[in-house]
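Chemist: Below are the sequence and a predicted model; questions follow.
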Amino acid sequence: VTLTAQITTEAGTPTGLVEFEDNGVVINGCGAVTVTTVGEATCVTSFWAANGSPTSLSVVYLGSATYASSTGTLAQTVNTATSRTTLTSSVNPSTNGENTTLSATVTGVDGAPVPTGTVDFKSTPAGGSQANITGCSSQPVNNGVATCTTSFSDAVLTYALMADYSGDSNYGTSNGSLTQTMQSPQTITFTSGAPGAATVGGTSYTPTATSTSGLTVAITVDASSSSVCAITGGVVTFQAAGACTIDANQAGTGTYLAAAQVQQSFAVGKGTQTTLTVTSTSGTYGTPLTLATSGGLGTGTISYAVVN
């Protein structure tokens, strides 16, 4: 605020100094202001407290060798300053019944007193009506912050939250808002039965699973079974005897928590071997024969023996 004192006389232009006072106290930086050649003196200051408005201002011309001292007064109205309220949540999204701390930070004018007063925390569930949060009305603002600890039900997935600041003697009212989102739990169930007679190279298996959220379930072969079975395009095939473990996972979203992994394990037996055919070159007594084998599956060593 710029205060201006105009010094006038019946003849001539006064010179000298001026003091600006607020309720009888000299305003900082405005205690010895020189009167200009046009008879004016100015003071730039700020008023930090609306309480007690209007405040009584006075200007004292200290006089000079030619002109006597004089005083002028003014009733200065000081309005409350604008406040700003910001609402935050310690856990967002949150789960059913999880403790969540809401914080309303109230800021004012730089260099001015820190806002005091109280904050009412309110909640509007999706499709419902606004109401004060239980135990969170008239929460005191300390060092510019008011807090409230509460929890929410996942009966609805979103809540519109609001923090209403009451204002104080220096600041007007304001409010802040945010949307609180809920995360619901989910579970996974295999909807396909594990094969009871899986064998190497045998009939493939197409596992299926669903989640209670309705979200798509990711089905993979567990790393421990990578040498026994493999999955491509959702179809499991078997390449070695052993245990095959299938993993089902759902990573969750903004409204659903990640599901606990579910596994399905089953044994993979050895595959059925096809008939081996042995052929030999013809020869005469005492001449070595060359044997050749065809057919069969898999790998390994073939041994020969004379039976008669």
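Modeler: Cool, got the structure.
Chemist: if I pick the closest residue to residue 88 other than its chain neighbours, what's in contact with it?
Modeler: Spatial nearest neighbour of residue 88, excluding adjacent residues (CB to CB, 6 or more residues apart in numbering): residue 103 at 5.0 Å. From N, CA and C alone the C-beta is placed, and that goes for glycine too. Going by CB atoms under 8 Å, 6 or more residues apart in numbering, residue 103 touches 87-90, 145-147.
Chemist: Now for residue 103, which secondary structure element holds it?
Modeler: strand 100-107 (DSSP states H and E).
Chemist: any idea of the mean pLDDT in that strand?
Modeler: On average, the pLDDT along strand 100-107 is 98.
Chemist: Can you list the strands that that strand pairs with?
Modeler: Strand pairing for strand 100-107, determined by DSSP bridges: strand 84-89 (antiparallel), strand 145-150 (antiparallel).
Chemist: Now render these as TSV, adding mean neighbour count, mean pLDDT and distance to residue 168.
Modeler: Conversion of the strands paired with strand 100-107 to TSV gives the following (neighbours: other CB atoms under 10 Å; pLDDT from 0 to 100; distance: least, CB to CB, whole Å):
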stretch	mean neighbour count	mean pLDDT	distance to residue 168
strand 84-89	18	98	13
strand 145-150	19	98	12
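Chemist: Which stretch among the ones you listed approaches residue 39 most closely?
Modeler: Nearest to residue 39 among those is strand 84-89 (42.1 Å), distances taken as CB to CB.
Chemist: Name the next helix or strand following that closest one along the chain.
Modeler: strand 94-95.
Chemist: Need the contact partners of that next one.
Modeler: Contacts of strand 94-95 (CB under 8 Å, 6+ apart): 100, 151-152, 154, 180-185, 257.
Chemist: Quick one: low-confidence residue ranges for the stretch 51-200 of the chain.
Modeler: 51-52, 111 (pLDDT under 70).
Chemist: can you give me the strands for it?
Modeler: For the stretch 51-200 of the chain, the strands defined by DSSP state E, counting those that start in this stretch occupy 55-61, 70-76, 84-89, 94-95, 100-107, 118-125, 131-132, 139-140, 145-150, 158-165, 174-183, 188-190, 198-199.
Chemist: Just send those back as JSON lines, with distance to residue 206 too.
Modeler: Listed next are the strands of the stretch 51-200 of the chain as JSON lines, based on distance: least, CB to CB, whole Å:
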{"stretch": "strand 55-61", "distance to residue 206": "83"}
{"stretch": "strand 70-76", "distance to residue 206": "83"}
{"stretch": "strand 84-89", "distance to residue 206": "44"}
{"stretch": "strand 94-95", "distance to residue 206": "34"}
{"stretch": "strand 100-107", "distance to residue 206": "43"}
{"stretch": "strand 118-125", "distance to residue 206": "42"}
{"stretch": "strand 131-132", "distance to residue 206": "51"}
{"stretch": "strand 139-140", "distance to residue 206": "57"}
{"stretch": "strand 145-150", "distance to residue 206": "47"}
{"stretch": "strand 158-165", "distance to residue 206": "38"}
{"stretch": "strand 174-183", "distance to residue 206": "31"}
{"stretch": "strand 188-190", "distance to residue 206": "12"}
{"stretch": "strand 198-199", "distance to residue 206": "12"}
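Chemist: Check which helices and strands the strand or helix carrying residue 220 sits against.
Modeler: Assigned by DSSP H and E, residue 220 falls within strand 218-221. When contacts are defined as 3 or more CB pairs under 8 Å, 6 or more residues apart in numbering; DSSP states H and E, strand 218-221 sits against strand 229-232, strand 242-249.
Chemist: Would you mind finding the most buried of the ones you listed?
Modeler: Counting by mean count of other CB atoms under 10 Å, strand 242-249 has the highest mean neighbour count of those, with a mean of 20.
Chemist: and it, what does it pack onto?
Modeler: The elements that strand 242-249 packs onto, with contact taken as 3+ CB pairs under 8 Å, 6+ apart, are strand 188-190, strand 218-221, strand 235-238, strand 262-269.
Chemist: that older thread, output the helices and strands packed on strand 218-221 in CSV; the columns should cover mean pLDDT and distance to residue 266.
Modeler: As requested, the helices and strands packed on strand 218-221 are arranged in CSV below (pLDDT from 0 to 100; distance: least, CB to CB, whole Å):
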stretch, mean pLDDT, distance to residue 266
strand 229-232, 98, 9
strand 242-249, 98, 6
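Chemist: Turn those strands into JSON lines, columns for distance to residue 94.
Modeler: Shown next, in JSON lines, are these (distance: least, CB to CB, whole Å):
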{"stretch": "strand 229-232", "distance to residue 94": "36"}
{"stretch": "strand 242-249", "distance to residue 94": "23"}
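Chemist: ok, now which ones touch the residue sitting nearest the centre point of the chain?
Modeler: Nearest to the mean C-alpha position of the chain, counting by CA atoms, centre = their mean, stands residue 92 at 5.5 Å. By CB under 8 Å, 6+ apart, residue 92 lies in contact with 100, 178, 180-181.
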